[in-house]
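> test case, fold it:
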Amino acid sequence: MEMVVDSPEGLRVDTHFGNQTVKTDQPVRAGGGDSAPEYMSWDFVNNAVYQPKIFELSNGCKAIQ
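Got it, this is the predicted structure:
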């Protein structure tokens, strides 16, 4: 699958693949517009969704079942 990455404005980055687009931005305190989650938030969520037990152990959180 082809991915296209572009930076429409400021610190925003959009990644397009198939019919989907993942948008990221930096928070205002980091010079961004805070219009989307920062890229590390997506990584954090990805770990919680796909590896909930490992996520719980490494982050001291409890996944909701």
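> shaky segments in this structure?
52-65 (pLDDT under 70).
> neighbours around Leu11, how many?
Neighbour count of Leu11, defined by other C-beta atoms under 10 Å: 16. (Glycine included, C-beta is placed from N, CA and C.)
> contacts only, for it.
25-26, 30-33 (C-beta atoms under 8 Å, 6 or more residues apart in numbering).
> kindly indicate which of those lies nearest Glu2.
Among the contacts of Leu11, Asp25 lies closest to Glu2 (C-beta to C-beta), at 23.1 Å.
> distance of that closest one relative to Arg12?
Using C-beta to C-beta, to the nearest Å, we find Asp25 at a distance of 5 Å from Arg12.
> quick check: neighbours shared by the two?
In contact with both Asp25 and Arg12: 32-33, 35-36, using C-beta under 8 Å, 6+ apart.
> show me which of the residues you listed are buried.
In the shared contacts of Asp25 and Arg12, burial by neighbour count holds for 32, 36, counting by 16 or more other C-beta atoms under 10 Å.
> closest one of the shared contacts of Asp25 and Arg12 to Met3?
Set against Met3, the nearest of the shared contacts of Asp25 and Arg12 by C-beta to C-beta is Ala36 (16.9 Å).
> run through the neighbouring helices and strands of the longest helix that the chain contains.
Counting by DSSP state H, the longest helix found in the chain is helix 39-50. Contact partners of helix 39-50 among helices and strands, from 3 or more C-beta pairs under 8 Å, 6 or more residues apart in numbering; DSSP states H and E: strand 20-24, helix 52-59.
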